[in-house]
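Participant: give me coordinates for this.
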Amino acid sequence: MTTKEKNAEKSSLFSGVGGIVIAGAVVGLISALLVKLGNPGNMGFCIACFLRDIAGATKLQTAAVVQYFRPEIVGLVIGAMVMALVSKEFSPRGGSAPFTRFVVAAFVMIGALVFLGCPLRMILRIGGGDLNAVIALVGFAAGILVGIYFLNKGFNLKRTYTVNKAEGFAFPIVLSALFVLCLLVPSLFAFSEKGPGSMHVSVIIALAAGLIVGALAQKTRLCMVAGIRDAVLFKDWKLLIGFVTIIIAAMVGNLAFGQFHLGFSGQPIAHSVHLWSFLGMLVVGFGSVLLGGCPLRQLIMAGEGNADSAVTVMGYIVGAAFAHNFGLAGAAATAESIGGPSIYGKGAVIIGIIVLLAVAFFNTKRAKN
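Facilitator: Down below sits the predicted model:
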């Protein structure tokens, strides 16, 4: 974090614990409300799932049940961008190992889709009573601890550099242009007629929810990875408190809306193949430490003008396309099947762990040299 960012954070109304609690409560309650209004179960927000749906809408992947241009993603990026501009925190920068970030991001996405959710959906699933997500949380934390080990050994992906403003605005503009094109010429895009892709709230509500959460996440630096990382490295519990607040708020909202269901079975868009949920989220935690933030945080930083985060988000989208075009994503449990990943998905998770270890090792070695 630059000196400018540190000073801005200190002076921010949302820099204290109270701010992160407010943000966490809003995110949790909005997520429960989005499910009540039409989003898939325990999926008020899921960065991995929503980017996967956008990959389907733009025909990068052809799974007919997961194709929809999610306005929540557009709202998150634009909300973060506007808040960054207003608070003078918009800071175009990039140049830190972009291709390495792209590859790591693709494996993070594959790990998330093997589990069936990003870190944010993981805690929303816990808030909905899904105990399978608790197993995934253990794997996620284990991955973060592996990443912290390499951070302590000197891991880095080299410094970023200041770039021109056009570079910083490029990703929000392209994403917004695609969204507008989707609204004006929907025949160019694919839309699911059944399955999770067909389940969504109205465009206005989804966009508004994304704008609110994007602005709050930008001001509070909300990040699922940083909550655990900062608690371990610096004994700073602020972001972890936000993490817990989302769970509690989502649980309250789900109980109020009659959406809370405690247990392992019968959970929406989930499976109980626990080993691969653990390992999939281990990849997500480990890879996100190497990238410097969870998928939500990467979207927010892309809105702040970070070109490296924009490349990371593109890596997520390509990873999602690979996951569904090549049968790597986990399948949800049904009455006829326990679901879980295919043999190809399991192999992709193992390859992902090997790739992440190689990236961590060689960049740590370079730092030492």
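Participant: ok, Ala64 - contacts?
Facilitator: Ala190, Ser192, Glu193, Lys194, Gly195, Gly197 (Cβ atoms under 8 Å, 6 or more residues apart in numbering). Placement of C-beta: from N, CA and C, glycine included.
Participant: likewise Pro40?
Facilitator: Contact criterion Cβ under 8 Å, 6+ apart gives Cys49, Pro196, Met199, Pro268, Ile269 as the residues in contact with Pro40.
Participant: closest one to Ile350 out of these, please.
Facilitator: Nearest to Ile350 among the contacts of Pro40, counting by Cβ to Cβ, is Cys49 at 22.8 Å.
Participant: and that closest one, that one's in a helix?
Facilitator: Yes - with DSSP: H, G, I helix; E, B strand; the rest coil as the criterion, Cys49 is assigned to a helix.
Participant: now do the spatially most central residue of the chain, the pLDDT please.
Facilitator: Closest residue to the average C-alpha location of the chain: Pro295 at 2.9 Å, with Cα atoms, centre = their mean. At Pro295, the pLDDT value in this model is 97.
Participant: give me the distance between it and Gln61.
Facilitator: Using Cβ to Cβ, to the nearest Å, one gets 17 Å for the distance from Pro295 to Gln61.
Participant: now swap in Ser198 and tell me
Facilitator: In this view, Ser198 and Gln61 are 16 Å apart by Cβ to Cβ.
Participant: neighbour-wise, which of those two wins?
Facilitator: Legend: neighbour count by other Cβ atoms under 10 Å for Ser198 and Gln61, higher for Gln61 (25 against 16).
Participant: tell me the contacts of the more buried one?
Facilitator: Arg52, Ala55, Gln67, Ala320, Ala321, Ala323, His324, Asn325.
Participant: out of those, which comes closest to Glu167?
Facilitator: Ala55 (23.3 Å).
Participant: which helix or strand contains that closest one?
Facilitator: Secondary-structure element containing Ala55, defined by DSSP states H and E: helix 47-57.
Participant: what helices and strands are in contact with that helix?
Facilitator: Using 3 or more Cβ pairs under 8 Å, 6 or more residues apart in numbering; DSSP states H and E, the elements in contact with helix 47-57 are helix 71-86, helix 98-115, helix 119-127, helix 295-303, helix 307-325.
Participant: among the contacts of Ala64, name the buried ones.
Facilitator: Ala190, Ser192, Gly195, Gly197 (16 or more other Cβ atoms under 10 Å).
Participant: which residue is the nearest non-sequential neighbour of the third one?
Facilitator: Right, the one you point to is Gly195. Distances taken as Cβ to Cβ, 6 or more residues apart in numbering put Val65 closest to Gly195, at 2.6 Å, once the chain neighbours are dropped.
Participant: secondary structure added to the contacts of Ala64, as a markdown table?
Facilitator: Putting the contacts of Ala64 into a markdown table (three-state DSSP) gives the following:
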| residue | secondary structure |
| --- | --- |
| Ala190 | coil |
| Ser192 | coil |
| Glu193 | coil |
| Lys194 | coil |
| Gly195 | coil |
| Gly197 | helix |
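Participant: wait, Gly168 sits on Phe90?
Facilitator: Yes - taking Cβ atoms under 8 Å as the definition, Gly168 is a contact partner of Phe90 at 6.7 Å.
Participant: between the two, who's got more neighbours?
Facilitator: Using other Cβ under 10 Å, the more surrounded residue of Gly168 and Phe90 is Gly168, with 25 against 20.
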